[in-house]
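model the following, please.
(chains A and B, ligands or ions: 1)
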Amino acid sequence: MSHADTHSHDYDHDHKPKGFVKRWLMTTNHKDIGTLYLIFSLAMFIFGGALAMIIRLELFQPGLQFVQPDFFNQLTTMHALIMVFGAVMPAFVGFANWMIPIMIGAPDMALPRMNNWSFWILPFAFTMLASTFLMDGGAPAAGWTLYPPLVLQGGHNLAFAVFAIHMLGISSIMGAINVIATIMNMRAPNMGYLKMPLFVWTWLITAFLLIAVMPVFAGAVTMLLTDHYFGTSFFDAAGGGDPVLFQHIFWFFGHPEVYIMILPSFGIISEIIPTFARKPLFGYVSMVYATAGIAFLSFIVWAHHMFSVGMPLGGELFFMYATFLISIPTGVKVFNWVSTMWKGAMTFETPMLFAIAFIILFTIGGFSGLMLAIAPADFQYHDTYFVVAHFHYVLVTGAVFAIVGGVYYWIPKWTGNMYSERLGKIHFWWSTISVNVLFFPQHFLGLAGMPRRIPDYSTQFAEFNMWSSIGGFAFGLAQIFFCIIVWRTIKGKGTTKATSRVWEGAKGLEWFIPSPAPHHTFQDGAPVNDGHLAHVSSH
Amino acid sequence: MNKQKSYSSSSLKKLLWVALGVLVSGSAFAKSSLNMTQGVTEFSKIAYDLHMIVLWICVVIGVLVFGAMIYSMFAHRKSKGVTAAQFSHSTTAEIIWTVIPIVILIIIAFPSTTALIKMEAPTDADGKSITMDMTIKVTGFQWKWKYDYLDEGISFLSTLKSDSNIARQIGSGINPTTVENYLLDVDHPLVIPVDTNIRILLTANDVIHSWWVPEFGWKRDAIPGFVNEAWTNVKKVGTYRGQCAELCGKDHGFMPIVVNVVSKADYANWVKSQKGEQEVAEVKNNTQWSKAELMSKGEEVYNSQCATCHQATGKGMPPAFPALDGSAVVNGPLDEQIKTVVFGRAGTAMTAFGSILSESDIAAAITYTRNAWGNTAKDAAQPKDVKKIKNS
Ligand SMILES: [Cu+2]
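Residues are numbered from 1 along each chain as shown, chains lettered A, B, ... in the order given. Sure, this is the predicted structure:
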């Protein structure tokens, strides 16, 4: 299978469909669909971010200045739903679409038409969800966790939110099936499972998580729907139900969901670090096992989100111990990344900077996670800003930083243009400093006793909230700057042409095709020899 | 929350700031606390100690791991002309950094487990389960708390104090810093005796709330249709403030908790005075009131109990909260409105006030709504009308 010389010839035929409708609406090309996902994600990131800006504006000082409490609750609820389901998850699906076929030497995703459908459901789902802002009574306001009975007081926005969740659940499940089918069936010859890049591995495991838990979430929200409209009492004590049942079902979905948002980040970081350390990934096999271990454990820790509901002692102990266990495989990952850097020959281009910030800041989020796992202390931390700080460290400086780092890492391959390294570095420092000013003080707020999800607060919390808001505005602006950098790179403004290898230390099949990646790649098989691969070293 | 003073001097605060390298002027934090409170109960101390142990463990791990990483970033950079080593695993190293965390976790697990057992299955020094001296039932409402002293038969509502409530409105023109204990003060605080084992039963009337006083060291959800149990024994006389911790709708941020912990003697006196007030209330329930009296009392009750939803203007916030100004119910037959207020509307935020307000207060509020704004019912409700419907 080594037709090295005929390959470059193949790539010349670009066959891009002409016209917007044919090229984008009807596309079955994994690269175009990947691009659509990424653009959609960026749009949702800006929308969800705008909501966060209003939240931080209201919290800038004590007293209510701009929004009524009910609207404030709509903002926090929609900010979370949009960021989780609209920004972070679709971004990773975008990466999966673009990179998985190339990384395993497949010509496309296994199920290209379904791939088109998975994407095109999303804009409709989110239009439906966002339209609730315009409805009488406004958008859902019970928090993204949608706890009954509160969520049932919301009126008809519930039906819209539930159907939107059903649609994006269908989208996610189809996307996951596609990823699994592609990875299991379409690897190039010689691309054994343990030769796959770690990004592919993490996505394979994530896809199983998605298939396992999205239906559970769909079930939970459907029960809300029937409680609201059809007189059932799943969650109503007066009818023999139990509101806490919802929390159990929700978090049975919700905890794996947070790993759905973080495992692909681990994958991206595991690609970036070896490239810029010019050294093979340390402990590849243990990375794979650690990922699988985290995925398994994510199913048995859900009630650590609910220590305050009044569980039996045995339950509290079980969920506390199980949560402790997660820190072991997570620790393995962090140690492996550091060991990969150790004795490398590092350079610090923008992707590497984001990856390093990810390791440090995600680990800080992991530390606060360990603290939250301690049930007797969680009786204090729970539902305070300490929790808000924790999950923004793992999701913003974790997942979002990995996404941004991944964009810088692969955008030369996608567009054929090298982004401006100078602007990228400015973006990095601007984001990293501001994001810490934004979220670090929230630890103190929580410890000092500020509950989460409140539109106004007692005056002793004023200083840190002001810091946090200032950091928030700066971080928000930095992301507008990011959009400009991406735009300039796509348009080739102030950029240089990217080589096919792009990064000196890069390994993996994606670096053996030209930049920009041609519309069709590996149509008659990929030549895989171990020397191409980042993670197969000669032990 | 109100213990900031004892922390402002703590060396921990300085250490934290130095360690984190955050540069801020000292004055900015004069009023803020940075760390979890040690509180005034055994549990709050336990939570604090665990918090500190794990915090320091994390700091040490962080310093080691990030230290190694930062060292590597300086020593192993290409610009220094190094060539990259090509090793890619070391079984020994991997075993070591799996085993060490396991050991650390086991070390943390011991105190955490003992603490949990102590909280959930309280026992004394001899291992006998301890007895509770009194029981208070806490009920969460949108957006207030109700306290029932089950042994004494005392019961009252506790809502955000009106000066905070006025200041918090958009465009109030009042600077929150001029309001004492802004958002953390109530009209009727919970009063409990010091050094007493108090069982606290928690439930809710409408949605889930969570009762939290940081100084006591725990929060526990108040869930409609279920009764949760917790307990406390406060060691120090004082006033302790907290808030509802579970999102419960629009005024979730405005249902504070204030607990006055008093000496046992003061507590006995307080109980006596409460019983006296109850007798007065009983007399009020059995009196025929003039319309003017009902109107003035009614305005007061309406503004403290009804206006969060139906608004002081009676215009409500449709569709969530209907207007009472011009409402068919309010302008219709008196008995129908009394029923609505006494029994509430199941499945909506309209509370069954029959069990939480006195008959005279309900009569007054209803009279007020029927004659305020543009409403023209003209009639008045007497406590006995309310009693009749309550008992029907
Ligand atoms: Cu509440």
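
so what's B:N205 closest to, chain neighbours aside?
With CB to CB, 6 or more residues apart in numbering or on different chains as the criterion, B:N205 has its nearest non-adjacent residue at 4.9 Å, and that residue is B:F141. From N, CA and C alone the C-beta is placed, and that goes for glycine too.

check B:N233 too.
According to CB to CB, 6+ apart, the nearest residue to B:N233 is B:N197 (5.1 Å).

backbone dihedrals for the one you found, please?
Main-chain torsions, B:N197, degrees, to the nearest 10: phi -80, psi 110.

with the one 3 residues further on instead?
Backbone torsions for B:I200, taken as degrees, to the nearest 10, come to phi -120, psi 120.

related to what we said a few turns ago, pretty sure the residue nearest to B:N205 contacts B:A204?
Yes - B:F141 sits in contact with B:A204 when judged by CB atoms under 8 Å, with a separation of 7.3 Å.

quick one: the residue of chain B most remote from its centre from B:C58, how far?
Going by CA atoms, centre = their mean, the residue of chain B most distant from its centre is B:G81, 60.5 Å out. The spacing between B:G81 and B:C58, counted by CB to CB, to the nearest Å, is 36 Å.

just the element for B:F87, please.
Following DSSP states H and E, one finds B:F87 outside all helices and strands.

and it, how many neighbours?
Using other CB atoms under 10 Å in any protein chain shown, B:F87 is surrounded by 15 other residues.

give the contact list for it.
A:F282, A:K343 (CB atoms under 8 Å, 6 or more residues apart in numbering or on different chains).

any chance of the backbone angles for it?
Torsion angles, degrees, to the nearest 10, at B:F87: phi -70, psi 150.

any idea of the pLDDT on it?
You'll see B:F87 listed with a pLDDT of 84.

just the closest residue of the stretch 1-150 of chain A to the ion, please.
As assessed by CB to the ion, the ion sits closest to A:L150 within the stretch 1-150 of chain A, at 9.4 Å.

where do the strands sit along the stretch 301-450 of chain A?
Secondary structure of the stretch 301-450 of chain A (DSSP state E, counting those that start in this stretch): strands at A:417-418.

one more: the stretch 1-150 of chain B?
B:134-141, B:144-149.

what about chain B, any weak spots by pLDDT?
B:1-32, B:125 (pLDDT under 70).

quick one, domains of it?
Per automatic domain parsing, the structural domains of chain B span B:36-78+B:86-120, B:134-281, B:286-390.

run the chain-centre distance for the shortest one.
Think domain B:36-78+B:86-120. 31 Å (CA atoms, centre = their mean, to the nearest Å).

that domain: end-to-end distance?
21 Å (CA to CA, to the nearest Å).

any idea how far the spatially closest residue to B:L150 that is not a sequence neighbour is from A:V216?
Nearest non-adjacent residue to B:L150, counting by CB to CB, 6+ apart: B:T135, 4.5 Å away. Distance, B:T135 to A:V216, using CB to CB: 39 Å.

now for chain A: which helix has the highest residue count?
The longest helix of chain A (DSSP state H) is helix A:243-277.

what about it, near chain B?
Yes - with CB under 8 Å from any CB of the partner chain as the criterion, chain B is reached by helix A:243-277 at A:P243, A:V244, A:A277.

now the helices for the stretch 1-150 of chain B?
Residue ranges of the helices in the stretch 1-150 of chain B, as given by DSSP state H, counting those that start in this stretch, are B:4-8, B:11-20, B:42-75, B:91-120.

point out the other helices and strands that the longest one packs with.
Other helices and strands packing on helix B:42-75, by 3 or more CB pairs under 8 Å, 6 or more residues apart in numbering or on different chains; DSSP states H and E, are helix A:313-341, helix A:350-373, helix A:375-381, helix B:91-120, strand B:218-222.

switch the cut-off to 6 Å
helix A:313-341, helix A:350-373, helix A:375-381 (3 or more CB pairs under 6 Å, 6 or more residues apart in numbering or on different chains; DSSP states H and E).

export those helices to JSON lines and tack on mean pLDDT?
Converted to JSON lines, these look like this (pLDDT from 0 to 100):
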{"stretch": "helix A:313-341", "mean pLDDT": "94"}
{"stretch": "helix A:350-373", "mean pLDDT": "96"}
{"stretch": "helix A:375-381", "mean pLDDT": "94"}
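
share the number of residues neighbouring the closest residue to chain A within the stretch 251-392 of chain B, please.
Closest approach between the stretch 251-392 of chain B and chain A, counting by CB to the nearest CB: B:G253, at 3.3 Å. The number of residues packed near B:G253 is 26, by other CB under 10 Å.

give me every residue in chain B lying close to the ion.
Within reach of the ion by CB under 5 Å from the ion, chain B has these residues: B:H209, B:C244, B:C248, B:M255.

of the residues you listed - the most surrounded one?
B:H209 (31 neighbours).

isn't that one up against B:G242?
No - in this structure B:H209 lies outside contact range of B:G242 using CB atoms under 6 Å: 11.8 Å.

so what's residue 390 up against?
The chain I'm using is chain A. Residues in contact with A:H390, defined by CB atoms under 6 Å, 6 or more residues apart in numbering or on different chains, are A:G365, A:S368, A:G369.

please go with chain B instead
B:V342, B:G354.

tell me how far the residue of the stretch 301-450 of chain A at minimum distance from the ion lies from chain B.
Nearest to the ion, among the residues of the stretch 301-450 of chain A, is A:D383, at 10.6 Å (CB to the ion). Distance, A:D383 to chain B, by CB to the nearest CB, to the nearest Å: 4 Å.

next, count neighbours for that residue.
23.

how about it: what's its closest non-neighbour residue?
That would be B:A245: by CB to CB, 6+ apart, it lies 4.2 Å from A:D383.

so that neighbour makes contact with B:W212?
Yes - between B:A245 and B:W212 a contact is recorded at 4.3 Å, counting by CB under 6 Å.

out of the helices of the stretch 1-150 of chain B, flag the one nearest A:S298.
Of all the helices of the stretch 1-150 of chain B, it is helix B:91-120 that lies closest to A:S298, at 17.3 Å by CB to CB.

what comes up buried for the closest one?
B:94, B:97-98, B:101, B:104-105, B:108, B:111-113, B:115-116, B:119-120 (16 or more other CB atoms under 10 Å in any protein chain shown).

which bits of the stretch 151-300 of chain B sit near chain A?
B:168, B:170, B:176-177, B:182-184, B:207, B:214, B:218-221, B:223-225, B:228, B:243, B:245, B:247, B:249-250, B:253 (CB under 6 Å from any CB of the partner chain).

residue contacts, whatever residue of chain B ends up closest to chain A?
Closest residue of chain B to chain A, CB to the nearest CB: B:G225 (2.1 Å). Applying CB under 6 Å, 6+ apart, we find B:G225 in contact with A:A237.
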